[in-house]
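Enquirer: Dropping the sequence and predicted coords here.
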Amino acid sequence: MISAGDFRNGTGFVLDGQPCQVVEFQHVKPGKGSAFVRVKFKNLQTGSVVQRSFNPSDKYEPVQLHIRDMSYIYQDGDLYYFMDQSTYDQIPISADKLEHALPYLKEGMSARVVSWEGQILEVELPNTVELEIVECEPAVRGDTAQSATKNATLETGAVIRVPLFVNQHEVVRIDTRTGEYLERNTGVVSSLKEAIGLAAEGSGVRVSFRGGESDDVIITVYLDVLYGHVMPEVAWSVQERVKRDVERFTGLNVDAVNVHVMRVIDESRETDERGSDATRREEYS
């Protein structure tokens, strides 16, 4: 049992047969009368938040919550099926338990399913998720201000406000607690680094973009590769990935990806030489 005098933020307790959790608490010692604890708590079954005074010596049964890491796999009518990531068991959860998660819920997404005595209480998504914008007004070229916003429809159907420079088919990061846009996905940069990693770890890389009037872009990648790698295969791998991911994340049309191999690193030698005599330079378009 737990005494009301020991309540802290996040403490779970059973009140009138229902699980509750302390949101805020304050110990009060009035000039006259007995001390008491003023508590704001959330009913974990209904979601309602109420405030009440407790006698510090009153005792309550602690709430034993069961939390499982699960993945959302599919929807069937009003039921949403989740799979336990450890046991692969599948359980259906009704839409009313997903009220706050539904706007950002996507197949394959991880979540924490919270239950008490076999009852599903809520489904908690990660604090931030990344979703694609499927519909919005065209981006305003050159406008990078965060203050001016527009409506954007996510792949889940939810509508959020995003800055004017965000475009259709871009992937954005969202705070699931507030529904606010945080930033555009940096997948282009990350994926570009991954592509370069196919050629050589720790390569020095420079990338330049040149856009045309039709929004087509030409990308030039300058990189180093390890000695022994087949140059055409390295270049083709980089070209394909860069083109695919830039088009996916920005919505731009990539007209060409040019790969310039600036330096060949021989890891069997602790040092590498620079200069036109010691460096093989090859270009692929």
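Expert: Now that the structure is in, tell me what you want to look at.

Enquirer: Let me see the ranges of the helices in this protein.
Expert: Remark: helices assigned in the chain by DSSP state H are 187-197, 231-250.

Enquirer: Just list the residues touching Val129, thanks.
Expert: Tyr104, Lys106, Met109, Arg173, Ile174, Thr176 (CB atoms under 8 Å, 6 or more residues apart in numbering). To be clear about C-beta, it is placed using only N, CA and C from the backbone, and glycine gets the same treatment.

Enquirer: at 6 Å instead, please
Expert: For Val129, the contacting residues are Tyr104, Ile174, Thr176, by CB atoms under 6 Å, 6 or more residues apart in numbering.

Enquirer: Show me what the second one bridges to in the sheet.
Expert: On DSSP bridges, the residues paired with Ile174 through beta bridges are Val129, Tyr181.

Enquirer: Share the number of residues neighbouring it, please.
Expert: 24 (other CB atoms under 10 Å).

Enquirer: Could you tell me how far it is located from Ile160?
Expert: Distance of Ile174 to Ile160, computed by CB to CB, to the nearest Å: 7 Å.

Enquirer: pretty sure Ile67 is in contact with Ala111, am I right?
Expert: No. Using CB atoms under 6 Å, Ile67 is not in contact with Ala111; the gap is 10.5 Å.

Enquirer: neighbour-wise, which of these two wins?
Expert: Applying other CB under 10 Å to Ile67 and Ala111 shows that Ala111 carries more neighbours, namely 22 against 11.

Enquirer: The more buried one bridge partners, please.
Expert: Note on Ala111: beta-bridge partners by DSSP bridges are Met70.

Enquirer: okay, it: pLDDT?
Expert: Ala111 carries a pLDDT value of 91.

Enquirer: ok, now how distant is it from Ser71?
Expert: 7 Å.

Enquirer: and what of Asn43?
Expert: As judged by CB to CB, Asn43 and Ser71 stand 28 Å apart.

Enquirer: swap in Asp89?
Expert: 11 Å.

Enquirer: what touches both of these two?
Expert: Contacts common to Asp89 and Ser71, judged by CB under 6 Å, 6+ apart, are absent.

Enquirer: Neighbour count: those two, which is higher?
Expert: A count of neighbours by other CB under 10 Å puts Ser71 above the other of Asp89 and Ser71, at 16 against 11.

Enquirer: Check what pLDDT the more buried one gets.
Expert: So, for Ser71, pLDDT stands at 91.

Enquirer: Contacts only, for it.
Expert: With contact taken as CB under 6 Å, 6+ apart, Ser71 is in contact with Met83, Gln85, Ser110.

Enquirer: nearest to His27, of those?
Expert: Ser110 (38.6 Å; CB to CB).

Enquirer: leaving aside the residues next to it on the chain, what's closest to the closest one?
Expert: Using CB to CB, 6 or more residues apart in numbering and skipping the chain neighbours, the partner closest in space to Ser110 is Ser71 (5.6 Å).

Enquirer: Where does the prediction get shaky in this protein?
Expert: Within the chain, the segments meeting pLDDT under 70 span 139-146, 185-235, 245-252, 260-285.

Enquirer: quick revisit: quick one: common contacting residues for Ile67 and Ala111?
Expert: With the criterion set as CB under 6 Å, 6+ apart, the contacts of Ile67 and Ala111 do not overlap.

Enquirer: In this structure Arg68 contacts Val114, no?
Expert: No. At 8.3 Å, Arg68 and Val114 do not qualify as touching, with contact defined as CB under 6 Å.

Enquirer: wait, which of the contacts of Ser71 is closest to Val28?
Expert: Using CB to CB, the contacts of Ser71 come closest to Val28 at Ser110, 41.6 Å.

Enquirer: distance of the closest one from Ile73?
Expert: Counting by CB to CB - Ser110 and Ile73 are separated by 11 Å.

Enquirer: again with Leu65
Expert: Taken as CB to CB, the span from Leu65 to Ile73 is 23 Å.

Enquirer: before we move on, the earlier item: and the contacts of Ser71 as CSV, adding distance to Val123 and neighbour count?
Expert: Output for the contacts of Ser71, formatted as CSV (distance: CB to CB, whole Å; neighbours: other CB atoms under 10 Å):
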residue, distance to Val123, neighbour count
Met83, 13, 15
Gln85, 14, 12
Ser110, 11, 13
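
Enquirer: Quick one: residues contacting Leu182.
Expert: Counting by CB under 6 Å, 6+ apart, the residues that Leu182 touches are Arg173, Asp175.

Enquirer: Any buried residues in stretch 4-11, and which?
Expert: Ala4, Gly5, Phe7, Thr11 (16 or more other CB atoms under 10 Å).
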